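Student: Sequence and computational prediction follow.
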Amino acid sequence: MKIVLASASPRRRQLLKKVFDNFEVCPTDAIEVLYGKPSYAVMRTAKMKAMAYLGDADLVIASDTTVYLNGEYLGKPTSRTHAIQMLTSMSNTTHRVYTGVCIKYKGKYHTFYDCSMVRFRKLPKELIVEYVNAGNSDGKAGSYGIQDGNTDDGFVKYYKGSYDNIVGLPTEKLIRVLNDMGIPTKEE
């Protein structure tokens, strides 16, 4: 079975290795449009990414992740200043991380989402600036990656839900959905 991950994210590539031994990576050019309820927004964008793949794969997996804080979407930063603003706004607050997934299999699209909650510590301005200037916020929804070792004395005070979802692909739920569809995974 030819499996394709329709994503440019190196983090998703690492996470999908928990699910399948062999797959190809083929990012698509779908535009990320975030509006409406966060769960619908990420599922809609994931489906657009899956639909944009025009190759001959048997199974296509596409995903989209966003951070949602106080009714606002915090997508990927457009500049270092924007990243600093986002991280400053999340200091000492709780936000939600939504990831939508679309599976294209046998000509049909199956979508689902997962949601995790993340509580940030009160972040010193110096820590934010150092993190952003090191390039750690580049290409990441909400301008941060939980996998960057920013727990304990860093950004994250605690989280609830799937850690992998916060990174960018809810592998636990993905495995369940694939297995329910009759698609074998490493965890089956």
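Tutor: Received it, and whenever you're ready, just let me know what you need.

Student: chain center to the strand or helix carrying Leu87, what's the gap?
Tutor: In the assignment (DSSP states H and E), Leu87 maps to helix 80-90. Mean-position distance between helix 80-90 and its chain equals 18 Å (Cα atoms, centre = their mean, to the nearest Å).

Student: got it, and stretch 40-50?
Tutor: With Cα atoms, centre = their mean, you get 12 Å for stretch 40-50.

Student: One more: stretch 32-48?
Tutor: The mean C-alpha position of stretch 32-48 is separated from the chain mean by 12 Å, Cα atoms, centre = their mean.

Student: For the residue most central in space within the chain, which residues are in contact?
Tutor: The residue lying closest to the centre of the chain (Cα atoms, centre = their mean) is Gly168, at 2.5 Å. Counting by Cβ atoms under 8 Å, 6 or more residues apart in numbering, Gly168 touches Ser9, Arg11, Arg12, Leu15, Ser63, Thr65, Thr99, Ala141. C-beta coordinates here come from the backbone N, C-alpha and C atoms, glycine included.

Student: right, and the pair among the residues you listed with maximum separation?
Tutor: Leu15 and Ala141 (14.5 Å; Cβ to Cβ).
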